[in-house]
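Enquirer: Got a sequence here, can you model it:
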Amino acid sequence: MNKRAAALCGAAAVVAGMITSIPADASSGSATAPRTAPTAKLSWKKCGTTAYPTLQCASLKVPLDHSNPYSERITLALSRVPHTAKTYQGPLLVNPGGPGGSGLTLAGYVASALPKAVAAQYDVIGFDPRGVGASKPALDCKPGYFDPVRPDTVPSTPALEKANLARAESFAKACATKYAKLLPYIDTVSAVQDMDAIRHALGARQINYFGYSYGTYLGAVYAKLYPDRVRRLVLDSIVDPTGVWYADNLTQDYAFNDRHLAFMSWVAKYNSTYKLGTDPAKIEAKWYAMRAALAKKPADKKVGASELEDTFIPGGYYNGYWPYLAEAFAAYVNDKNADPLVEAYDDFAAIDAAGDNGYSVYASVQCRDAAWPRDWNQWRKDNWAVYEKAPFMAWSNAWYNAPCAFWPTHSLYPVDVANDAIPPALLFQATNDAATPYEGGVTVHNLLGGSSLVVEQGGGNHGISLSGNACLDKYLAAYLTDGKVPRSGGEVDAVCETLPDPEPLGTKAASTTSRGSTLHGLLGFRG
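Expert: Numbering: from 1, shown residues only. The predicted structure follows:
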């Protein structure tokens, strides 16, 4: 498996009243160009890869502050797979989530995963949002922030809580020191205004949009601020916009605990392979015993309790990782062999420079987008309450977002994405998604007038379309072809059965090169 830097990003959230923050140029909802300085024509150059040979790349300068179009400029990195059919349906902007996820390669993936006849009708456009990846400047507040071994996330002693608080505060201070001029402009609304500048630079009156995870909130906000510039809108694995961002994180913790328990049950099913027992509760006890042992003696001086959580959290995003995680778990428990666990950490959790960049943008956007409690007593109370019922990720998630308690910029307000002014949107949601729980999909379905909700029944993966489920992909292809959405007259417009869970490595049905693995490598974790 390829090493992935976990561009760890996640749905988090507090709501201090849902107020629409609309830039001046979008308030009228007109289809005129955004109020920015004149945009130069994009100059596309070949940047193809072995996997995606037709990719092209370009860059676009946009104002750092869109309310002052002639202010300092920053640069957005763009990618494109150009249309090849005579029928041209315009640009299809794609986003993998985050915030902090790079979308350049995703354009190649989407263009290759869609039916050829459908993809050929679109210019599939990827982009690195402001601060991300190849866009300039790219944020990296504190390189090595996730280097092992970190303090145990569960603050079972005052010393551990103090150590984790010091880490979180140090990250916020590092961002403030390095990026004081940038941080007030790293937020969802600014990224949406960048998207409209991309539309303008492409010479398009409207865009089509396809976003995963946080990308669903990004797309819904774009549709709110520029409703008549939306032609088609696909949202997959949907953020609950009424919980942005503190409340969404707390809800997420329960769902991830459920996915961890589902993994325990899967391990129990294959006791003949893993020899960890047939009782999921007893297997779970062995996992927490492993965690306690690693807290005392990290494996290879690299995988302690916190790093173990980082290693297994990706399994909550995508069950295709379960066979690898189960092998590492079994080797540690049964054979006292930590090597597979260290390898799994390197594959799924180790953070490189791209991961540092992704987290810096993640924190910058989420801490700026909405109000977070500044009183740590509130965090302590809320997260201990969650931990009592859902311990798997509660404190890991809390510390991941804790810099927001110390963030140097004041907070904006979440955008009320309720919208009756756009064409029918197509929504995809798995019933057991942990990163963006099912209720978020239902909420957005109710908020977007005329939208259609397609549900993967029993599915627990995050990011489900173009991931191997032909039923889901059929609805996506039909929508992108002619704009038609399924209708049932009920809360859910169409239901697709989930794909079977994976089988252990080495079995006939096991696959390490599935489309799902490729997609989830692009989407990253906590995204």
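Enquirer: just the helices in the stretch 401-527 of the chain please.
Expert: Taking DSSP state H, counting those that start in this stretch as the test, the helices found in the stretch 401-527 of the chain are 438-447, 470-482, 515-523.
Enquirer: For these, give me a markdown table that also has mean neighbour count.
Expert: (C-beta placed from N, C-alpha, C; glycine too.) A markdown table is the format used below for the helices of the stretch 401-527 of the chain (neighbours: other C-beta atoms under 10 Å):
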| stretch | mean neighbour count |
| --- | --- |
| helix 438-447 | 20 |
| helix 470-482 | 17 |
| helix 515-523 | 21 |
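Enquirer: Mean pLDDT added to those helices, as TSV?
Expert: Below are these laid out as TSV (pLDDT from 0 to 100):
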stretch	mean pLDDT
helix 438-447	98
helix 470-482	98
helix 515-523	91
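Enquirer: Generate JSON lines for these, with distance to N334 as supplementary columns.
Expert: JSON lines is the format used below for the helices of the stretch 401-527 of the chain (distance: least, C-beta to C-beta, whole Å):
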{"stretch": "helix 438-447", "distance to N334": "36"}
{"stretch": "helix 470-482", "distance to N334": "38"}
{"stretch": "helix 515-523", "distance to N334": "26"}
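Enquirer: out of those, which comes closest to I313?
Expert: With C-beta to C-beta as the criterion, I313 lies closest to helix 515-523 of the helices of the stretch 401-527 of the chain, at 12.6 Å.
Enquirer: From the contact counts, what lies against that closest one?
Expert: When contacts are defined as 3 or more C-beta pairs under 8 Å, 6 or more residues apart in numbering; DSSP states H and E, helix 515-523 sits against helix 104-113.
Enquirer: To P151, which of the helices of the stretch 401-527 of the chain lies closest?
Expert: The closest of the helices of the stretch 401-527 of the chain to P151 is helix 515-523. By C-beta to C-beta, the value is 28.2 Å.
Enquirer: which other residues reach that closest one?
Expert: Identification of contacts with helix 515-523 by C-beta atoms under 8 Å, 6 or more residues apart in numbering yields 1-2, 4, 96-97, 101, 105-106, 109, 113, 212-213, 317-318, 320-321, 461-463, 466-468, 499, 511.
Enquirer: Take these and keep only those in strands.
Expert: Those of the contacts of helix 515-523 mapping onto strands are Y212, per DSSP state E.
Enquirer: among the contacts of helix 515-523, which ones are buried?
Expert: Among the contacts of helix 515-523, those classed as buried by 16 or more other C-beta atoms under 10 Å are 4, 96-97, 101, 105-106, 109, 113, 212-213, 317-318, 320-321, 461-463, 466-468, 499, 511.
Enquirer: Work out for me the element the nearest residue to E327 once chain neighbours are set aside sits within.
Expert: Nearest non-adjacent residue to E327, counting by C-beta to C-beta, 6 or more residues apart in numbering: P340, 5.6 Å away. In this assignment (DSSP states H and E), P340 forms part of helix 339-348.
Enquirer: where along the stretch 201-350 of the chain do the strands fall?
Expert: With DSSP state E, counting those that start in this stretch, the ranges of strands along the stretch 201-350 of the chain come out as 207-212, 230-236.
Enquirer: Of all these, which one is nearest D253?
Expert: strand 207-212 (20.6 Å).
Enquirer: Show me the shaky parts of the protein.
Expert: Scanning the chain for pLDDT under 70 picks out 1-40, 508-513, 525-527.
Enquirer: Regarding it, what is its longest helix?
Expert: Ranked by number of residues, the top helix in the chain under DSSP state H is helix 246-269.
Enquirer: what's the angle between it and helix 438-447?
Expert: Here helix 246-269 points in a direction 130 degrees away from that of helix 438-447 (axes from the mean of the first three to the mean of the last three C-alpha atoms, to 10 degrees).
Enquirer: in helix 246-269, what's buried?
Expert: Residues of helix 246-269 classed as buried: 246-264, 266-268 (neighbour count, 16+ other C-beta under 10 Å).
Enquirer: Ok, stretch 159-179 next?
Expert: Neighbour counts using 16+ other C-beta under 10 Å place L160, E161, N164, L165, R167, A168, F171, A172, A174, C175, K178, Y179 of stretch 159-179 among the buried residues.
Enquirer: One more: stretch 116-126?
Expert: Residues of stretch 116-126 classed as buried: V118, A119, A120, Q121, Y122, D123, V124, I125, G126 (neighbour count, 16+ other C-beta under 10 Å).
Enquirer: Give me the subset of these lying in helices.
Expert: The helices, defined by DSSP H, take in V118, A119 from the buried residues of stretch 116-126.
Enquirer: Now distance to R380 too, for the buried residues of stretch 116-126, in a markdown table please.
Expert: Converted to a markdown table, the buried residues of stretch 116-126 look like this (distance: C-beta to C-beta, whole Å):
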| residue | distance to R380 |
| --- | --- |
| V118 | 50 |
| A119 | 49 |
| A120 | 55 |
| Q121 | 53 |
| Y122 | 49 |
| D123 | 49 |
| V124 | 45 |
| I125 | 44 |
| G126 | 40 |
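Enquirer: Looking at the buried residues of stretch 116-126, spot the one nearest D493.
Expert: Of all the buried residues of stretch 116-126, V118 has the smallest distance to D493: 20.2 Å, by C-beta to C-beta.
Enquirer: Test my guess that the closest one contacts A477.
Expert: Yes. When contacts are counted by C-beta atoms under 8 Å, V118 is listed as touching A477 (5.1 Å).
Enquirer: Please name the residues that touch the closest residue to A119 other than its chain neighbours.
Expert: The shortest distance from A119 to any non-neighbouring residue, by C-beta to C-beta, 6+ apart, is to A111 (4.7 Å). Each residue near A111 by C-beta under 8 Å, 6+ apart is listed here: Y52, T54, V81, A119, Y122, V124.
Enquirer: Which one of the residues you listed is nearest to K297?
Expert: Y52 (43.6 Å).
Enquirer: ok, the nearest residue to the closest one once chain neighbours are set aside - contacts?
Expert: Nearest residue to Y52 in three dimensions, chain neighbours excluded: G108, at 2.8 Å (C-beta to C-beta, 6+ apart). G108 makes contact with T49, A51, Y52, T54, L55, S79, V81, V124, G126, according to C-beta under 8 Å, 6+ apart.
Enquirer: could you redo the last one with a cut-off of 10 Å?
Expert: By C-beta atoms under 10 Å, 6 or more residues apart in numbering, the contact set of G108 is 47-49, 51-55, 79-81, 94, 124, 126, 522.
Enquirer: Okay, it and I207: tell me how far apart.
Expert: Using C-beta to C-beta, to the nearest Å, G108 is found at 19 Å from I207.
Enquirer: ok, now K389?
Expert: 42 Å.
Enquirer: Those two: which is more packed in?
Expert: Counting neighbours by other C-beta atoms under 10 Å for K389 and for I207 shows that I207 has the greater number, 23 against 10.
Enquirer: Check the gap between the residue lying closest to that one once chain neighbours are set aside and V415 for me.
Expert: Residue nearest to I207 in three dimensions, not counting chain neighbours: R199, with 4.9 Å by C-beta to C-beta, 6+ apart. Taking C-beta to C-beta as the measure, R199 falls 18 Å from V415.
Enquirer: ok so, going back, nearest to A385 among the contacts of A111?
Expert: V124 (43.9 Å).
Enquirer: Next, the contact list for that closest one, please.
Expert: Residues near V124 by C-beta under 10 Å, 6+ apart: 54-55, 79-83, 91-94, 106-112, 114, 208, 210.
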